[in-house]
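**Q** next come a sequence and a model predicted from it.
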Amino acid sequence: MSRISRIKGFADMFPEESERYTFMEAQARRIFGVCGFREWRTPLLELTELFRRTIGDETDVVQKEMYTFVDAKGRSLSLRPEATAGIVRAYVQESCYERERVSRVFTCGPMFRHERPQKGRMRQFHQINCECLGDPSPMADAEMILMLLEFLKAIGIGKTVLKLNSLGCVACRPAYVERLGEFLAKVSGDLCPDCKRRAAANTMRVLDCKRPECRAVLERGPKMSDFQCADCRDHFGRVTRLLDAGGAAYETDPCLVRGLDYYCRTAFEVLSADIGAQSAVAGGGRYDGLVWSLNGPDIPGVGFACGLERLAMLMPPTASAVPDFHLLVLDEGLLEDGFALMQDLRGRGLSGVMNHEVSGFKGLMRQADRSGAWFCLLLGPDEAAAGAVTVKDMREGGQRTVPRENVYDILAGDKS
RNA sequence: GCGGGAGUAGCUCAGUUGGCCAGAGCACCUGGUUGUGGCCCAGGGGGUCGUGGGUUCAAGUCCCAUCUCUCGCCCCA
């Protein structure tokens, strides 16, 4: 008989870590809520077709990273590799655009991609997503970015860089991609093998190659900014002005490209130098064609996702809750009596546990110490005879024996 | 899919050119203290040395294979 172990790329999360996630989600709810965003929860499992249509058939995510299987009815289903597709599917399916002009949505939960795990990249990973559907204004882009920065600040993350770019739209990007492709074909000999492959498969991706030799070549290539239509140019100009006014620091980076097909115009990423090679902690942008691609009306959208595994690495430690008491019952015959006392205290909002069996006093006392509780409550024959409980302050070391009905007030009083 | 590093106690690791019964620190348990934790002292439990094969009188140590973890490439948040 061998033990069953965890599968690769999946994590067990113990309190020290999971409490960080809870904290991040709580801050997200608070800050995004202030901005009018409300939480949606959509299924972890969707028809594979949804992701093929939205993320893009040619992307690595769809081609080789999804957990896909055929169900009993012969349908191809996939665990969601990202959240936006499901949100937009629900938006279209429930005709949310008929009920409200602008839908502001956030969602959080696990995503799944079958990649090789490494620092900051798990096969089951967690994201918080925000989507604003139905608002074409650059104000929506800027609002989204400022909200994201506010969130990062709230969870204690500094030392990040915000990068910004405009990817153009259906009207102007195709011409650019074509010219870029022609250029890359000409200089093909000077590119790294990866870029040669990318030039054909996903042309824009060549722009974010990290190799210096490729970057040098690209310096001489066509620039997206020279191809942008007037609308895109105006849109991006207004976004940057709003960010300036909002006090956000950013760098425009003409080489910033998004990985998923549906992005257009504004694209942004938040990067950190402190978490290894997977340096993007959040990323997003505008996706005006996405609702349409799911046979919905032509409704614009803008959104972002942040990776909680990566943010968790950057967060300062969170303080975990300290129990109010640890009850030690010193005699077998008093266990049920002690149980009632514990339940009474819990019912009045105090937290704590008790021993369920009586062993050596030293060991019990050590358990009380390890629990970290503020107070140790002692219930033994002496106390029981007097209808009392001994309350020991574990920080100060002092103790006193008081009538049982006073225990709550002492603990609650010290708490405030 | 490709490349680097690492697997010895619950955790972090030591183990010298192969050589006596496989070690330390931390953690855990018990006792020193009949009902007082942390500090100290004494004792104790716990290991198929990742797994399988090979070389050898002898393998944690050398060779081969394999698995797992980890960092990076790719890709992405």
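**A** Good, I have the coordinates.

**Q** sketch out the low-pLDDT regions of chain A for me.
**A** Within chain A, the ranges that satisfy pLDDT under 70 run A:1-3, A:414-416.

**Q** can we see that at 50?
**A** The model of chain A has pLDDT under 50 over residues A:1.

**Q** the longest helix in it is where?
**A** For chain A, the helix that runs over the most residues, judged by DSSP state H, is helix A:15-34.

**Q** tell me which helix or strand comes right after that one.
**A** Using DSSP states H and E, the helix or strand that follows helix A:15-34 in sequence is strand A:38-39.

**Q** list the strands paired with that following strand, with their directions.
**A** Applying DSSP bridges, strand A:38-39 is found paired with strand A:103-112 (parallel).

**Q** relative to helix A:15-34, how tilted is the strand it pairs with?
**A** 160 degrees (axes from the mean of the first three to the mean of the last three Cα atoms, to 10 degrees).

**Q** burial measure for A:K362, as a count.
**A** By the measure other Cβ atoms under 10 Å, the count of residues near A:K362 is 8. The way it works is simple: take the backbone N, C-alpha and C, and place the C-beta from them, glycine included.

**Q** and it, what helix or strand is that in?
**A** helix A:361-371.

**Q** how about that helix, does it get close to RNA strand B?
**A** Yes - with Cβ under 7 Å from any atom of the strand as the criterion, RNA strand B is reached by helix A:361-371 at A:361-363, A:365-370.

**Q** neighbour-wise, which one of the residues you listed leads?
**A** Busiest of the residues of helix A:361-371 next to RNA strand B [other Cβ under 10 Å] is A:A368, holding 24 neighbours.

**Q** so A:K163 makes contact with A:C255?
**A** No - A:K163 is beyond contact range of A:C255, at 9.0 Å (criterion: Cβ atoms under 8 Å).

**Q** buried residues, the helix or strand encompassing A:R179. List them.
**A** Using DSSP H and E, A:R179 sits in helix A:173-186. Of all the residues in helix A:173-186, those buried under the rule 16 or more other Cβ atoms under 10 Å are A:173, A:176-177, A:179-181, A:183-184.

**Q** quick one: contacts for the closest residue in space to A:V187 that isn't next to it in sequence?
**A** Leaving out its chain neighbours, the residue that sits closest to A:V187 by Cβ to Cβ, 6 or more residues apart in numbering is A:V217, at 5.2 Å. Residues in contact with A:V217, defined by Cβ atoms under 8 Å, 6 or more residues apart in numbering, are A:187, A:190-191.

**Q** over to A:R348?
**A** A:408, A:412.

**Q** give me the phi and psi for it.
**A** phi -100, psi 10 (degrees, to the nearest 10).

**Q** now it: how far from RNA strand B?
**A** 23 Å (Cβ to the nearest atom of the strand, to the nearest Å).

**Q** what number of residues lie near the closest residue to A:R30 other than its chain neighbours?
**A** Spatial nearest neighbour of A:R30, chain neighbours left out: A:A154 (7.6 Å); criterion: Cβ to Cβ, 6+ apart. By the criterion of other Cβ under 10 Å, A:A154 has 15 neighbours.

**Q** hang on, the earlier thing: closest one of the buried residues of helix A:173-186 to RNA strand B?
**A** A:L184 (13.4 Å; Cβ to the nearest atom of the strand).

**Q** contact partners for the residue nearest to that closest one when sequence neighbours are not counted?
**A** Counting by Cβ to Cβ, 6+ apart, A:L184 lies nearest to A:A199, which is 4.2 Å off, once chain neighbours are set aside. If a contact means Cβ under 8 Å, 6+ apart, then A:A199 has A:181, A:184-185, A:188, A:191, A:206 as its contacts.

**Q** tell me which element A:A199 falls in.
**A** helix A:193-201.
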